[in-house]
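Asker: need the 3D shape of this:
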Amino acid sequence: MPVDFVCDALKAIAREAVKRKSGARGLRAIMEDCMIEIMYDLPSIENVKECVVSEDVILHKEDPILLYEQTKIQA
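Answerer: All right, here's what the predicted structure looks like:
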């Protein structure tokens, strides 16, 4: 299942890393901080087609947007 980072989210990650003055380790720490819960929860959520990470996920600790597959209704 793809995880899609919108452009503003990537820019927010870069800005946060620059503030921390920690280079690549800062990027990794920011990514882990915003994604740790979803990394563990996502595999157990059924029918998720895509996970979209926005700037609000990075800066305001909001949940990412989950896009679900349509389930077929059987007659």
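
Asker: direction included, what does the longest strand along the chain pair against?
Answerer: When the chain is parsed with DSSP state E, its longest strand is strand 48-53. With DSSP bridges as the criterion, the sheet partners recorded for strand 48-53 are strand 3-5 (parallel), strand 65-68 (antiparallel).

Asker: any idea which of those is most buried?
Answerer: Of those, the one with the most neighbours on average (mean count of other Cβ atoms under 10 Å) is strand 3-5, at a mean of 16. Where you see a C-beta, it was placed from the backbone N, CA and C, and this is true even at glycine.

Asker: thought D56 was touching P64?
Answerer: No - here D56 does not reach P64: they are 9.1 Å apart, not a contact under Cβ atoms under 8 Å.

Asker: ok, these two, which is more surrounded?
Answerer: Under the criterion of other Cβ atoms under 10 Å, the comparison of D56 against P64 puts P64 first, with 22 against 16.

Asker: for the more buried one, give its distance to I38.
Answerer: Separation of P64 from I38 (Cβ to Cβ, to the nearest Å): 6 Å.

Asker: just the angle for the least confident helix or strand in the chain by mean pLDDT relative to strand 48-53, thanks.
Answerer: Least confident element among the helices and strands of the chain, by mean pLDDT, DSSP states H and E: helix 23-41 (a mean of 87). Between the axes of helix 23-41 and strand 48-53, defined by axes from the mean of the first three to the mean of the last three Cα atoms, to 10 degrees, the angle is 140 degrees.

Asker: in helix 23-41, what's buried?
Answerer: Residues G26, L27, I30, M31, C34, M35, I38 are the ones in helix 23-41 that count as buried (16 or more other Cβ atoms under 10 Å).

Asker: what are the bridge partners for the residue nearest in space to the middle of the chain, then?
Answerer: Taking Cα atoms, centre = their mean, the centroid of the chain lies closest to V53, which sits 3.7 Å from it. As for beta bridges, V53 partners with F5 under DSSP bridges.

Asker: circling back to that earlier point, beyond the longest strand of the chain, next helix or strand please.
Answerer: helix 55-60 (DSSP states H and E).
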